[in-house]
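Peer 1: Give the three-dimensional model of this entry:
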Amino acid sequence: MSQRREQVIERLPASDAVLGRLENWYHVPILAALVSFMAWIRVRNWETFLVDGRVLFSGNDAWYHYRQVSYTVRNWPETMPFDPWTSFPTGTSVGQFGTLFDQLIATAALVVGLGSPTERTISLALLFAPAALGVLTVIPIYFVGRRLGDRPGGVVAVAILALAPGDFLRRSIVGFSDHHVAEAFFQALAVLAILVALAVARQEKPVSEQLLDRDLDGLRRPIGWAALAGVTIALYIWAWPPAILLIGILGAYFTLALTTDYLAGDSPEHSALVGAVALAVTGVLSLVPLTTLSFSPTNFSLLQPVLAFAVAAGCVFMAWLARLFDAKGLPRLGYPAVVAAGIVGVFALLAAVAPDLAALIRSQFLRVAGFGTSATAQTVGEAQPIPLGEASATFTYYFGLAYLTAGAAVAVICWRLATDRDDRRAELLFVVTWTAFLVAATLTQQRFNYYLLLAVATLNAFLVGWVIRLVGVGDGSENASASGDRSGRRAGSDDTAGTRWGGLQTYQVLTIAAALLLVTAPFVVRGQYPTAGERADSSASPGEVAAWEGSLEWMRESTPREGTYGGADNPMGYYGTYERTDDYNYPKGSYGVISWWDYGHFITSIGQRIPVANPFQQNAIEAANFLLATNESHANELLPTDQGGQEVRYVMLDWKLADPSSNKFFAPIVFYDDRPLSEGDIYSRLYDRENQRQVATIQRQRYYESMRVRLYQFHGSSASPQPIVIDYTGEQTVQAGGVGERRYIFPPQSENGTQRIVRQFENTSAARAFVERDGSAQIGGIQGVPSEYVPALEHYRLVHASATTSSQARAPWVKTFARVPGAEIEGTGPPNATVTASVEMRMPNAGETFTYTQRARTDSEGRFTMTVPYSTTGYEQWGTAEGYTDVNVRATGPYTFTAGERNGTAATGTNATTANATNTTSEGNATGDANATAGNAATDLGPAWRANASVPEGAVVGERNATIDVRLERVPANASSGPNATGGANATTGNATAPNGTNASNASQGTIGSATEVVTTLSAGPDAATTPTSADRRPSPVSTTGPWARPAGVEIHEGGTADSR
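Peer 2: Below you'll find the model as predicted:
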């Protein structure tokens, strides 16, 4: 033997020692790296949530958790029993908030803040909470994976958790401070405890005789682990009351498990003990946070303990039934039939005795696992179902190829269960049952994919462990490894210590490497899909709350405190403790703020005011009915009022509610139930059949008449039709679920490669004549131009517009309106004439002005009355100190009242009425000059009657009863009517030049068109825009800003062709 060979042999023991240590500890550095990666990608962008020194959270619900955590910090460990600061006029209590999740964060804030944390400390604790819980989920998932696939399986489970870019990642990054990641953590913990309890029961095989003989030593371990499982399930419920989902899964599982055990010749009592003890403990602990004696899945109600006790009782019944079958010698095949009959009988009895409870259980099952959801639920992004045709692509995005390998694992498990090749039948059947329910839940509501990731990781852990044993790597045969008979280890552990990695063959290495790469590589090389790091970066933003914050800060500082409106002295405590009630009696001086339900928590937590609707979807119908109402008086009747007469005083709207191109515009239509209404009643979709795409939305009159548009776009002013006609050929309506009928219209036939869509006429009479003659056309529908006259609002005024603007709508993101009694005006003028009152208002944050216009008709004696919501003087006298609003939007001068017209000849030369409004854009060749107010309007030389009047703030808010008297006086025939005297009413309003597509203030006002007909055409080329772009948006005739309301890619020209983009 050579000297070199002897040296190698001498070193073998040392090499074996090194290899042994590597086998025992290899997983530690890998896990450390994965956990570090998880933490890093979740917290590295935390500073993006600090805006001007304030912590902003992502999403809606996080803001209500902030309120709940802040309350618990002040009243630890108590949570808020009732909250009158939302869901006006009743207040509310919602069990999904003020839970263990909030208590844990409040405790952390108290510890960090040494017992007296600042608001910033509380905010930062909540900010980082989802990241911390996401990383902590590694612990139960590793041990679940290790139980099914040994240490390699545990590592793979953690790797999938760390690398998956799905919703578990998005909901566990810093800033997404909702309870979802807490749900995932506590469910994973409960699953781990259940698996351990089932494994211990499998090993100890407890039976009922031990209970009768009081064999406490023999029952200590199975009962102890089962009780611990019950505690973890209860913790899950304490963190999220709808965790009855897991109780339902366990009910289905124990029905299958006990039945298959009995049919296989085994005693069902082993697993039945686990179910009975665990669910009994869960039921008892679910009584601790009980807040209502009703049955509710979202509150701490009787539903949680009743279902838990029912499943526990079912386990006892099935164990007793098996004993009865054995005692009487009945055929085993009759056992499942009797069980099924018993379940049907229980539900039939429940439907007869407690039909409401039976209906609730059925509806909740369908809501979670029924593969469909209601129309209103679909307005919530996370509650939308995944169409079966899109499931594969969606799962690939969320899970890479791991969902396919998870499916392979299910197949292997089913094969092993069917062939009785694995004595871990109870644990594996539970994993398959759990997975099946989570798949159904995810397809029904895509939000549950953050649960499904836990099952996917678990199944892949099993598959990796099975492959490793299959190729002969491990301590003994496959069956020995799978048996789980490791009584010498700590309770319930299935770890394989000392896996033999020495002497591996090439095929073994390649097989294991292929399995690991198949699971993990798709998460790293993603192609068209984002990696985990990229998804985390794209999700690290507070979102739309940043655009709302300025308006909410203004509301908190510039509107009266709750309980002080109108000078009342009943301030409400923001963090007060209020007794639970079904209908809170609000003190005098309190009021509600109506907005869409998405923004309710913003209003509560940042604005510190009381919203009517909130993200619990409470009062969502009331909000929708108000926003879509077409009559101001009726809209006021729809607003909720407190039993003591406290009312809604403010309205907050953002551009998304008024712009058909936004993803939020359609939502109120789904909830609206005041009268029949479909999407097709509000707008039509202009669809280009030649190029197979939608190119625009054309608004119908119902759109302009709705309160949301009259407020956001017109600011309460009246709006008149203009001689603009949308020409189309034919229409088609289709059913579109919750939004009713969807209406499609089609452009005219192409002429020389262009489609003639928008036509302009000399006057509205000519336009109406064309519409009547054409048969498939409508007046207006773009540029904020209605088809019919829209009257002004009398009791709503714009009081604040945000400095933040929408690049898509070119308008302030949020506009806040005050509901006021309005100032009564009485006056005299020419008999049987129309009197027009107008006042210019300035929005300082937007740097823009708009004109509020109101009309009234005089009687035969020339008398008229009108109510106006805007004041012109006295703002400082009626601010928050007096119980009213520090108005931000103020008049630039008094009201002007006009009536009648003077006749004359058109002006010419430099004082002509035509003002060129040049609109240019950097895209395409769509540059052209549009004569915004061209025409012969100068033949009318202004009003024949005129007056000016100031309206004090006190009159508008109802503190002055004096009626404002206005007397219009005739204007001499040769008198000037003001700066635009040569142009007639509104003929040359605003600055005419608007470079680079920016429309000048009020440039679109006035009579449009002097030619007998102006034709706008739309190119049908392949590059035409399919969605609205900011360059295509123009202000409305009344407001200098407003939502986009014209076909994409269309520039209006006098003559010529408008090229598409």
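Peer 1: hey, where'd the helices end up in the stretch 601-750 of the chain?
Peer 2: Using DSSP state H, counting those that start in this stretch, the helices of the stretch 601-750 of the chain run over residues 620-628, 632-638, 667-671, 679-682, 701-705, 707-712.
Peer 1: Could I get those in JSON lines, plus columns for mean neighbour count?
Peer 2: Glycine gets a C-beta too; all of them are placed from N, C-alpha and C. Below are those laid out as JSON lines (neighbours: other C-beta atoms under 10 Å):
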{"stretch": "helix 620-628", "mean neighbour count": "25"}
{"stretch": "helix 632-638", "mean neighbour count": "16"}
{"stretch": "helix 667-671", "mean neighbour count": "23"}
{"stretch": "helix 679-682", "mean neighbour count": "23"}
{"stretch": "helix 701-705", "mean neighbour count": "22"}
{"stretch": "helix 707-712", "mean neighbour count": "26"}
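Peer 1: Could you tell me the least trusted of those?
Peer 2: For those, the weakest mean pLDDT is recorded on helix 679-682, namely a mean of 83.
Peer 1: Make JSON lines out of the helices of the stretch 601-750 of the chain and add distance to residue 396.
Peer 2: JSON lines is the format used below for the helices of the stretch 601-750 of the chain (distance: least, C-beta to C-beta, whole Å):
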{"stretch": "helix 620-628", "distance to residue 396": "34"}
{"stretch": "helix 632-638", "distance to residue 396": "46"}
{"stretch": "helix 667-671", "distance to residue 396": "29"}
{"stretch": "helix 679-682", "distance to residue 396": "32"}
{"stretch": "helix 701-705", "distance to residue 396": "39"}
{"stretch": "helix 707-712", "distance to residue 396": "39"}
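Peer 1: right, and those helices - which one's nearest residue 154?
Peer 2: Relative to residue 154, the nearest member of the helices of the stretch 601-750 of the chain by C-beta to C-beta is helix 667-671, separated by 43.7 Å.
Peer 1: Hmm, residue 177 is touching residue 129, no?
Peer 2: Yes: shown here, residue 177 and residue 129 form a contact pair, counting by C-beta atoms under 8 Å, at 5.8 Å.
Peer 1: Identify the contacts common to the two.
Peer 2: Residues touching both residue 177 and residue 129 (C-beta atoms under 8 Å, 6 or more residues apart in numbering): there are none.
Peer 1: Three-state assignment for residue 553, please.
Peer 2: Per DSSP: H, G, I helix; E, B strand; the rest coil, the secondary structure class of residue 553 is helix.
Peer 1: Could you check how many residues crowd around it?
Peer 2: If you count neighbours by other C-beta atoms under 10 Å, residue 553 ends up with 15.
Peer 1: what does residue 321 give?
Peer 2: Applying other C-beta under 10 Å, I find that residue 321 has 18 neighbouring residues.
Peer 1: Please identify the helix or strand for it.
Peer 2: helix 303-328 (DSSP states H and E).
Peer 1: C-terminal to that helix, which secondary structure element comes first?
Peer 2: helix 334-353.
Peer 1: what about the strands in the stretch 451-600 of the chain?
Peer 2: 592-594 (DSSP state E, counting those that start in this stretch).
Peer 1: what do you get for the stretch 51-200 of the chain?
Peer 2: For the stretch 51-200 of the chain, the strands defined by DSSP E, counting those that start in this stretch occupy 54-55.
Peer 1: what ranges do the helices span in it?
Peer 2: 61-74, 100-112, 119-136, 138-163, 167-170, 180-204.
Peer 1: got it, and the stretch 451-600 of the chain?
Peer 2: 478-483, 506-524, 532-539, 545-558, 600-605.
Peer 1: quick one: the last one to chain centroid distance?
Peer 2: Pointing back at helix 600-605 there. Remark: helix 600-605 is offset 14 Å from the chain centroid, using C-alpha atoms, centre = their mean, to the nearest Å.
Peer 1: List the buried residues of that helix.
Peer 2: 600, 601, 602, 603, 604, 605 (16 or more other C-beta atoms under 10 Å).
Peer 1: how about low-confidence regions in the stretch 951-1061 of the chain?
Peer 2: 973-1061 (pLDDT under 70).
Peer 1: Please identify the buried residues of stretch 261-273?
Peer 2: 261, 262, 266, 267, 268, 269, 270, 271, 272, 273.
Peer 1: which other residues reach that stretch?
Peer 2: 198, 201-202, 204-208, 222-223, 226, 254, 257-259, 315-316, 318-319, 322, 325, 332-333, 335-336, 420, 425-426.
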